[in-house]
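**Student:** sequence first, then the predicted structure, then my questions.
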Amino acid sequence: MATAGMEHSISELLPGDLLNCQICLSQFILPKSLPCLHTFCLKCIEGHMERRLTHSSFACPTCRKEIYIPAKGVADFPTNFHFVSLMDAMKETHNSVVCKVCQQEGNNTAATFVCEVCSENLCHSCSEGHQKYMRGHTVKHLENAHQHSTEVVELHCRNHPGHKVVIHCLDCHQVLCGKCATDHYNHRSERIEKCINDANLGTLGACISHKMEFLQSCLCTTNTNIIRWKQVQDQINSRHQKSLQAIKDPAEAVLQLVKVKLKADNDIKQSLDYDVGELQSLAGQLERKNYALNAISCQKKMSLCLQIKEKSGCFQEVTHPLQNIQLGGNVDVKLEYPIVEWKKLQLISTMVTSLPQDKSISDPVKMAINPRNNNIVVTDKNNGKVKTFSTNGIFIHSETAARCSNEYMVQYNIPWGVTYASDLQVVANHQSGEIFFFSPDFKVHAIMNVECCRDIVANDEGDLYATASENPPGIRFIPGMGRLGEAYDLTLYQNGVYFVLKNPYYICRGGKDELIVTDPGCESLFIIKIDGTVLHSYGRYGHGPNEFNHICGVCVDRQGNIIVADRLHNRLHLLTPKAEFICHLLDEGEIKLPRVVMFDQDGYLLVSESCTSIIKKFSYHVIRLT
């Protein structure tokens, strides 16, 4: 380690920029010596080299000599340990002892000497002046700051310079040299080393005792505070438990009360649900009895009307809903319902439309009668097939595709509507929006696109009317069995106002130049002239006698009465030709989820169930007399 004297000479002799890098102009960091003996920082050499085009050599920034880079890189240049030692010595200057005289003048010059008499630290210049003007004072050179800080300074007598003080007079409290001691021969005295040691030990003992007393006091205070904190904590815990219990007890009481209320409400709800079920059952029984009474009343009124007609020979036309029969004299009979003669529908047979090769349960969505052989044609949307059955329900064949004249196969995806126009079978493919015209040998006669078409019906002239569920929903008119390849929207008006269907499903022919359309979007049935005039409407959503829950298929009997399927209510509505409610032909328990209704060539009513893949055949005998 360099001494203070060395540091003084180094700081005076070295140039100010000797230990500074010539690239960054700061003190060296990891100085590396080049073959040309110039030294630079490692990072500076690396940065200087990166600016060169080649990385195998570079020019020295000072002498411009070509320097070749070692194989292991710039870090392999030798370190300049001479500069490292100098920088270490310069660093120790900041930790050296400061001259007391210079410090008073505002300078922090390093001290290199110490006065043995007054123990002042002095620099080289101040030490010379001190020795000159302070006679008897001896100045000693400092080897290093550490030795000086641990060195015991020897004191000299003020009355006899050059003589060290060796005795302490206990009576006069003075330090004496050997000569001064002769004047205090009868005083109590001790060697100065013993006095110093005793004083140090006494002071240290007193200090330790004082510290022990202070620590003992702090310990007592801490213990007292701990006891108080424990008491406060116990009080807080006690209050917390009391507060928690004060909240918990009412909360548990309220919770228990809520549970009792919920149980009571649940019991009341179950009781109400039971009562509602009983009332609904009684309402159904009452409705059926009401229908039966209406039927009996109609029969009796019909019989009375016929008896009056036979006796008087005078019978005027009956009107609805309040029908007046006026006879000669004072006879006036009023009837509230149309006079209808009907018999309860009887199940004749069932026909299963599912086949062993079907991928899923059959869902017949439309039926039609083949006029050539009276076979029943069914479209099965779940399996994408058009199936044919005999009048006795025996399966004949099914088609999943039809062959065009150019041997191209047309595949069904969701076949829906089916009807006959002349000798052609017409099938509406709902998903693809195509209408196929098939010849009797099941070859495609023609194809036309009608977007979102669902059901289809033909008039006597071969014109087609199709329901479309979107873009926009309504009725499409297809003239001439599609020979023109065009479909036209049928504009509808009701009471002179433009009218739009929401989601038309099924369509059939009604009276002369009339169409009957069902619309589940508004749960209604509409009778529409072919010119677009809406004549009559019936139904809405609900659970009453003349309300629907998913209205579906529709057909017309020989007297013009309308039969429409109420799918989710599991019943059929019987209506007059002007869409007036008469009665329910079938109720829940006799039919399940009816979708399609149609009459066969023998006058039997065919009803398809969408959940069982079964078509049921019922006897039908309804005559509307008025």
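**Tutor:** Nice, thanks for sending it over. The shown structure was predicted, so the numbers you read here are calculated from the model rather than taken from an experiment.
**Student:** who touches stretch 472-483?
**Tutor:** Outside stretch 472-483, the residues that touch it by Cβ atoms under 8 Å, 6 or more residues apart in numbering are 421-422, 424, 426, 435, 437, 446, 448, 450, 452-453, 458, 462-468, 486-490, 492, 500-504, 507, 515, 517, 521, 528. Quick note: C-beta positions are derived from backbone N, CA and C, even for glycine.
**Student:** switch to 6 Å and redo it
**Tutor:** The contact list for stretch 472-483 (Cβ atoms under 6 Å, 6 or more residues apart in numbering) reads 421, 446, 448, 450, 462-466, 468, 487-490, 501, 503.
**Student:** now that stretch: buried residues?
**Tutor:** Residues Pro473, Gly474, Ile475, Arg476, Phe477, Ile478, Met481, Gly482 are the ones in stretch 472-483 that count as buried (16 or more other Cβ atoms under 10 Å).
**Student:** please apply the same query to stretch 390-397.
**Tutor:** Buried, per 16+ other Cβ under 10 Å, within stretch 390-397: Thr391, Gly393.
**Student:** please apply the same query to stretch 128-143.
**Tutor:** Buried residues in stretch 128-143 (16+ other Cβ under 10 Å): His130, His137, Val139, Leu142.
**Student:** ok, so of the residues you listed, who is nearest Gly47?
**Tutor:** Leu142 (43.1 Å; Cβ to Cβ).
**Student:** pLDDT value on that closest one, please?
**Tutor:** In this model, Leu142 is scored at 73, pLDDT.
**Student:** roughly how far is stretch 457-475 from the heart of the chain?
**Tutor:** Its chain's average C-alpha position is 44 Å from that of stretch 457-475, according to Cα atoms, centre = their mean, to the nearest Å.
**Student:** for that stretch, which residues meet the burial criterion?
**Tutor:** 457-458, 462-469, 473-475.
**Student:** pick out the lowest-pLDDT one from those residues.
**Tutor:** Gly462 (81).
**Student:** before we move on, back to that, in CSV, list the buried residues of stretch 457-475 along with distance to Ala253 and secondary structure.
**Tutor:** Putting those into CSV (distance: Cβ to Cβ, whole Å; DSSP: H, G, I helix; E, B strand; the rest coil) gives the following:
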residue, distance to Ala253, secondary structure
Val457, 71, strand
Ala458, 76, strand
Gly462, 82, coil
Asp463, 79, coil
Leu464, 75, strand
Tyr465, 72, strand
Ala466, 69, strand
Thr467, 64, strand
Ala468, 65, strand
Ser469, 59, coil
Pro473, 60, coil
Gly474, 65, strand
Ile475, 68, strand
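**Student:** where along this structure do the helices fall?
**Tutor:** 4-13, 42-50, 81-93, 100-104, 124-133, 145-150, 192-312 (DSSP state H).
**Student:** among those, which comes closest to Ile394?
**Tutor:** helix 192-312 (35.6 Å).
**Student:** so who does the closest residue to Pro504 other than its chain neighbours touch?
**Tutor:** Distance criterion Cβ to Cβ, 6 or more residues apart in numbering; nearest residue to Pro504, sequence neighbours excluded, is Thr467 at 4.0 Å. Thr467 sits next to Arg454, Asp455, Pro504, Ile507 when contact means Cβ under 6 Å, 6+ apart.
**Student:** wait, doesn't the second one sit right on Asn503?
**Tutor:** The reference is to Asp455. No - Asp455 is not in contact with Asn503 according to Cβ atoms under 6 Å; the separation is 11.9 Å.
**Student:** higher neighbour count, those two?
**Tutor:** Legend: neighbour count by other Cβ atoms under 10 Å for Asp455 and Asn503, higher for Asp455 (28 against 15).
**Student:** what's the spacing between the residue lying closest to the more buried one once chain neighbours are set aside and Ser432?
**Tutor:** Sequence neighbours aside, Gly417 is the residue nearest to Asp455 in space, at 3.9 Å (criterion: Cβ to Cβ, 6+ apart). In this structure, Gly417 and Ser432 are 13 Å apart, going by Cβ to Cβ, to the nearest Å.
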